[in-house]
Structures are given as C-alpha cells and as structure tokens.
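Novice: Please work out how this folds:
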Amino acid sequence: MPRVVLEETLCKSLLNRVQGNALPFRWTANPYRGCQHACLYCFARGTHEYLGYNAGREFDTRIVVKTNAPEALRQELRSPSWRGELVALGTACDPYEPAELKYQLTRRILETFRDFHNPVSLTTKGTLVTRDVDVLQELGARAFLQVNVSVATVDEAVWKVMEPQTPKPIKRLEAVEQLARAGVRVGVLLAPIIPGLTDSPEALEAVVRQAAEHGAQFLAPNVLHLKPGSREWFMPFIREAYPHLNPLYARLYRGAYAPDRYTDEVLAVVRDLRRRYGLDGQAACAGDTVIHPRERQLELV
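Specialist: Model (predicted):
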C-alpha cells in the first residue's frame with residue numbers, strides 16, 4: 001500500500017454548478033479530491049492537475065479533504081436562492097473512499113440533505129455506503145434518493161489490475177443487496193466497459209446477471225472514455241500489461257471517446273441483457289438518458 005497524505009482544507013462552498021444542460025442534474029458535490037481507490041481509468045485524474053498535483057500516483061495518494069464540507073453545504077441549502085434541485089454526490093471522486101472512515105464527511109452531508117429534504121443521486125464503489133443505511137432510509141423517505149454502485153466487472157483477475165484498491169466486485173454487489181432490502185433505491189452502473197477486457201457478451205452478462213440476483217433496481221452502462229489526465233496514465237499501462245490490445249486501443253481511442261459504431265454495438269448488447277434480466281427500468285438520474293451520444297455521457301467514478 002502506498003503512503004497516503006490526507007491534506008485538510010476548508011471550502012467556501014460544496015455545491016458545484018454543472019456547465020451546460022447535457023446532464024440530468026445541474027449540481028454536484030465532492031467532499032474529497034483525489035481517490036485512494038486508484039482506478040487506472042478514472043476520468044477524474046485530470047482534475048487533480050488543477051490543484052497542482054499530477055494525475056498519476058499523486059491522484060491516488062494525495063487526498064484533499066474538505067473538512068468543513070457539511071457546514072458549507074448547510075449554509076448553501078439555507079440560502080433563499082437555493083431551489084432544492086437534485087445534487088449528484090460523488091461524480092469526481094468517490095464519497096466512500098477510505099478517507100471517509102476517518103472524517104465521516106459523506107455521512108454528515110447526507111444528514112444535511114435529509115434535514116433539508118433535498119434530492120440526491122449518490123455514486124460509489126465503496127461498500128462503506130452500507131454504514132449509512134439509516135440516513136439513506138431517512139433521506140429517501142423525505143426526498144428523491146438514488147444510490148448508484150459502480151461495478152465494471154466481476155472478473156477478479158481484471159479487477160485486481162484495473163481497480164487495485166477498491167472492494168471486490170462481489171462485496172459491492174452484496175452492498176447493493178443490503179441497500180435494496182433496506183428499501184433504498186439502488187442500482188448498478190456497469191461502468192466503465194473496457195474494450196478488450198470487459199466488453200464481451202459473456203463479461204457483460206455476468207455483471208447484469210449478478211446485478212439482478214442482488215436486487216438492483218436498474219442498470220446503466222457507460223463505455224470507457226479517456227480524457228487528458230486519464231489517457232496519459234491509462235494508455236502506457238495498456239501497452240505494458242496487455243500489449244496484444246495495443247492495435248485495438250490505437251483504433252478506438254484516437255480521441256477521448258470510442259467511435260459511435262463500437263459504442264452503439266456494446267450498448268445494444270447491454271440493452272438486450274437488461275430486458276432479459278428484468279433491469280430495463282430507466283434510472284432516474286443515471287443511465288440511458290445520459291450515456292449516448294457522447295456529449296451527454298455521465299462521467300462517473
């Protein structure tokens with residue numbers, strides 16, 4: 001395990017206004033910057049450079065902690081100008097990364113949203129989300145709440161390479177089941193779908209089947225995209241770890257996004273699988289409406 005530095009800071013505000021109108025929400029909130037989950041493909045790596053850090057190891061090991069995030073949020077929700085809009089929690093860095101064990105910022109943020117009856121869409125790979133089932137139940141009884149658990153693969157060999165510090169996929173699926181049994185609206189984000197590694201019909205079906213078996217109420221796919229910051233980190237890894245995939249990636253990723261034809265074919269497979277396994281209900285704040293075309297892709301951790 002690499003040495004992790006937790007850099008405490010104060011924020012003036014927690015809510016971030018999303019530019020444009022392509023996504024189904026206009027506000028995001030992220031109590032942490034950088035992520036100990038260390039996913040090789042993470043799109044948020046490039047955002048670490050805004051802080052003066054590199055998008056590689058420093059993204060994994062230099063975690064910025066907004067220690068006053070719940071208090072800042074409370075002030076924002078009290079503002080007469082706030083209209084109670086949906087907030088997407090965890091779109092840049094995972095709100096349940098290991099730092100949450102120490103700081104409990106995400107729990108306190110959820111309590112704040114609960115107190116103000118404010119709708120939330122929460123995205124995570126962390127099984128620590130089950131710790132907060134009581135708050136999630138209370139929030140869900142007062143406002144719209146959706147929990148999105150990201151599961152890119154159930155193949156542990158791929159998981160160990162791509163997401164080295166995340167909980168095992170089966171543990172995340174068990175978290176889905178626990179939340180579903182508690183009455184929390186929860187589903188699986190099959191994200192990202194990684195060309196050559198997790199995009200075969202068999203690999204996709206394995207995730208969809210287990211999502212259904214563990215009580216997911218929806219499933220939304222997203223194909224890998226490689227923006228600046230993540231691209232420079234991910235592509236050298238592919239060349240070294242999976243040299244046989246070099247021609248595929250050279251063809252698919254001349255830019256940040258895979259070609260429409262490839263994306264359409266993969267998403268068509270997932271749509272058929274969702275129908276087969278009874279997961280074709282639309283996610284309210286993540287899913288088909290924001291997956292394609294590419295300018296409407298939902299960028300998820």
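
Novice: how about low-confidence regions in the stretch 51-200 of the chain?
Specialist: 54-55 (pLDDT under 70).

Novice: Tell me which stretches of it form strands.
Specialist: Listed in chain order, the strands of the stretch 51-200 of the chain (DSSP state E, counting those that start in this stretch) span 62-66, 87-89, 120-124, 145-150, 186-193.

Novice: Kindly reformat those as CSV containing distance to residue 240.
Specialist: The C-beta positions use only the backbone N, C-alpha and C, and glycine is treated the same way. What follows is the strands of the stretch 51-200 of the chain, written out as CSV (distance: least, CB to CB, whole Å):
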stretch, distance to residue 240
strand 62-66, 24
strand 87-89, 34
strand 120-124, 29
strand 145-150, 25
strand 186-193, 20
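
Novice: Quick one: these as a markdown table, columns for mean neighbour count and distance to residue 42 too.
Specialist: Listed next are those as a markdown table, based on neighbours: other CB atoms under 10 Å; distance: least, CB to CB, whole Å:
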| stretch | mean neighbour count | distance to residue 42 |
| --- | --- | --- |
| strand 62-66 | 21 | 13 |
| strand 87-89 | 24 | 16 |
| strand 120-124 | 26 | 12 |
| strand 145-150 | 26 | 11 |
| strand 186-193 | 26 | 9 |
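
Novice: Of all the ones you listed, which one comes closest to residue 104?
Specialist: Nearest to residue 104 among the strands of the stretch 51-200 of the chain is strand 62-66; the distance by CB to CB comes to 11.1 Å.

Novice: Mind exporting the C-alpha coordinates of the closest one to PDB?
Specialist: Presented in PDB, the C-alpha positions along strand 62-66 are these (Å, rounded to 0.1, in the frame of the first residue of the first chain):
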ATOM      1  CA  ARG A  62      -2.600  12.900  -2.100                       C
ATOM      2  CA  ILE A  63      -6.200  13.200  -1.000                       C
ATOM      3  CA  VAL A  64      -7.700  16.700  -0.400                       C
ATOM      4  CA  VAL A  65     -10.200  16.600   2.400                       C
ATOM      5  CA  LYS A  66     -12.800  19.400   2.600                       C
END
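
Novice: quick one on the thing from earlier: quick one: which of the strands of the stretch 51-200 of the chain is nearest residue 76?
Specialist: strand 87-89 (9.8 Å).
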